[in-house]
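Visitor: Sharing a model prediction with you, sequence too.
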Amino acid sequence: KAGVTQTPRYLIKTRGQQVTLSCSPISGHRSVSWYQQTPGQGLQFLFEYFSETQRNKGNFPGRFSGRQFSNSRSEMNVSTLELGDSALYLCASSLATTESPLHFGNGTRLTVT
Amino acid sequence: GESVGLHLPTLSVQEGDNSIINCAYSNSASDYFIWYKQESGKGPQFIIDIRSNMDKRQGQRVTVLLNKTVKHLSLQIAATQPGDSAVYFCAENKNQAGTALIFGKGTTLSVSS
């Protein structure tokens, strides 16, 4: 079974620009979550989507948004990029029960200059 | 604040030794705990999980122990191998409706042969 796929693997953007990251979950997984990983803050929860609806949201500004499509694929968007948005963005999928583990992709490395 | 943390940022062991990685959590309402392994350039990889109604769970070469009295979680790796070298994170799920995990800061395990 294919794992979680994230594209692109690397991105370099300039302050003020916007970016869209893509995630394809494991087949059959209906829940997709996004996390930001930085050396200073570690892994932080951004949001979770289930059946095309945002089910949970972390403590991030409104510049961070996402969506999920009917095939469970998900995208996240960051608008008006700031230098502090440089991070590894990780997507994870699960079977959507409260005790089913998340399976992560290898992430998109975003660098904002 | 509510957080999941690890006692030691780094742990160095010899190949063949048993490794113990510790984690303290502060939210007594958390009911599901997971250990992840992250290798350089990759996303977190699921190792083992445990529910709050259990004290111990074993996998292949790994054991997770949960002590709810002192809010402590540990991961034991038997016969540690060089391939076990990675950053290990514990995570808790306190959200009954979804998969919003709170991650600890991580312990870097280095295995020398």
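Guide: Perfect, thanks for sending it.
Visitor: how about low-confidence regions in chain B?
Guide: Regions of chain B meeting the criterion pLDDT under 70 cover residues B:1-7, B:95-98.
Visitor: for chain A, what are the nearby residues on chain B?
Guide: B:31-32, B:34, B:36, B:41-46, B:49, B:51, B:89, B:91, B:93, B:95-106 (Cβ under 8 Å from any Cβ of the partner chain). Yep, even glycine has a C-beta here, placed from its N, CA and C like the rest.
Visitor: Which other helices and strands does the worst-scoring helix or strand of chain A on mean pLDDT contact?
Guide: Lowest by mean pLDDT, DSSP states H and E among the helices and strands of chain A is strand A:53-57, with a mean of 92. Using 3 or more Cβ pairs under 8 Å, 6 or more residues apart in numbering or on different chains; DSSP states H and E as the contact test, the elements touching strand A:53-57 are strand A:42-50.
Visitor: picking up where we left off before, mind listing what's buried in the least confident helix or strand of chain A?
Guide: A:55-56 (16 or more other Cβ atoms under 10 Å in any protein chain shown).
Visitor: Can the following helix or strand past it be said to contact chain B?
Guide: Once strand A:53-57 ends, the next helix or strand along the chain (criterion: DSSP states H and E) is strand A:64-68. No: taking Cβ under 8 Å from any Cβ as the criterion, strand A:64-68 and chain B are apart, separated by no less than 13.0 Å.
Visitor: Show me what strand A:64-68 is in contact with.
Guide: Here strand A:64-68 makes contact (Cβ atoms under 8 Å, 6 or more residues apart in numbering or on different chains) with A:32, A:34, A:46-47, A:49-54, A:74-79.
Visitor: Could you identify which of those has the most neighbours?
Guide: A:Val32 (32 neighbours; other Cβ atoms under 10 Å in any protein chain shown).
Visitor: Surely that one is within a strand?
Guide: Yes: when the secondary structure is assigned by DSSP: H, G, I helix; E, B strand; the rest coil, A:Val32 falls within a strand.
Visitor: Would you enumerate the residues in contact with residue 34?
Guide: Reading this off chain A. Residues touching A:Trp34, when contacts are defined by Cβ under 8 Å, 6+ apart, comprise A:23, A:45-48, A:66, A:74, A:76, A:89-92.
Visitor: was after chain B, sorry
Guide: With Cβ under 8 Å, 6+ apart as the criterion, the residues that contact B:Ile34 are A:101-102, B:46-50, B:90-93, B:101.
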